[in-house]
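A.B. asks: When you get a sec, could you give me coordinates for this:
(chains A and B)
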Amino acid sequence: MKPRLVAPILILVILTGCAGSIRDNFRRAALISGEVALGIDQTERDVYATGVYDDATHKKIGAAILVMLKAVRVYERAVAAWPESFSMPPDVPTALADAIAAINNVERIIEGIPGTGKLTANLNRIKAALGGK
Amino acid sequence: MAEIQMDLQTILLLANGLISIAGNLAEQIARVKAAAKKAGATDEQLAELDLKLSAAIAAREAEQ
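C.D. replies: Here you go, the predicted model:
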C-alpha cells in the first residue's frame, strides 16, 4: 500500500473506533465529505458573487473545485459499490487518497486569496471527515 | 386515604433510587443515540449525493 494511503486510512479507523463496521464508517465519511464538497462549491460561488476576486480567479478556483468534486464522487461510488461483508476493495483507499489530494490542491490555490476564509474552513471539515491531513 | 409516613432516611433512599434509574435511562438513551449515529449511510443517501455531485460537476464543466 502506498505510504500516502496509510495515514488517512489509519486515522479514519482509529477515530471511528471499534463500534460500527469499517464499511459503515467509510460510507458515513463519503456522505459527509460529499455534502461538505457541495457546500464548498456553493460557498465559492457566494464569495465570487461578492466581487472579492475577478473572473479569472473564479475560473482557476472553479477548475480545482471541479477536480475535487469528481474525486469525491469517485470515492463515493467506490464506497457505494463495496459489497456488505466483504473486505475493502482496493479502489476505495486509492479513491480516498485522490480525494484528499484534490482537496489539498484547492487549498493551495485559494491560499492568499482574500475572502476565502470560509472556503478554507470547509476544506478542513472535509479533510477531517475523510481522515486526511 | 392511608397516610404515608416516611422518615428522612427513607425519602433519601427513594430519591437515590430514582436518580439511579434516571441515570441508567439517560445512559441507555445515549447508547441508542450513539448507535444510530454510528450507522453507515444508506444506499438511498449515497445515490442522492451522487446525483447532487453530478449536477455540481456539470455546472462547473459548463463554466470551464
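
A.B. asks: Can you report how many residues lie near the closest residue to A:V79 other than its chain neighbours?
C.D. replies: The spatially closest residue to A:V79, leaving aside those adjacent along the chain, is A:A30, at 4.3 Å (C-beta to C-beta, 6 or more residues apart in numbering or on different chains). All C-beta atoms are positioned from the backbone trio N, CA, C, and that covers glycine. Residues lying near A:A30 (other C-beta atoms under 10 Å in any protein chain shown) number 31.

A.B. asks: and A:A30, what helix or strand is that in?
C.D. replies: Mapping A:A30 onto the secondary structure by DSSP states H and E places it in helix A:22-49.

A.B. asks: how far does that helix sit from the chain's center?
C.D. replies: Its chain's average C-alpha position is 7 Å from that of helix A:22-49, according to C-alpha atoms, centre = their mean, to the nearest Å.

A.B. asks: That one - contacts with which helices or strands?
C.D. replies: Packed against helix A:22-49, as judged by 3 or more C-beta pairs under 8 Å, 6 or more residues apart in numbering or on different chains; DSSP states H and E, are the following elements: helix A:3-16, helix A:55-80, helix A:91-110, helix A:117-130, helix B:8-38, helix B:43-63.

A.B. asks: out of the ones you listed, which comes closest to A:N25?
C.D. replies: Taking C-beta to C-beta as the criterion, A:N25 comes closest to helix A:3-16 out of the helices and strands packed on helix A:22-49, the separation being 4.2 Å.

A.B. asks: Average pLDDT for the closest one, rounded please.
C.D. replies: What helix A:3-16 shows for mean pLDDT is 56.

A.B. asks: ok, now stretch A:101-114?
C.D. replies: Mean pLDDT, taken over the full extent of stretch A:101-114, equals 90.

A.B. asks: can you check stretch A:42-57 too?
C.D. replies: Average pLDDT, stretch A:42-57: 92.

A.B. asks: what does it contact?
C.D. replies: Contacting residues not belonging to stretch A:42-57 are listed as A:58, A:61-62, A:65, A:113-116, A:118-119, A:122 [C-beta atoms under 8 Å, 6 or more residues apart in numbering or on different chains].

A.B. asks: Give me the neighbour count for residue 42.
C.D. replies: Reading this off chain A. Counted with other C-beta under 10 Å, A:Q42 comes out at 12.

A.B. asks: wait, I meant chain B there
C.D. replies: Considering only other C-beta under 10 Å, B:T42 is surrounded by 11 other residues.
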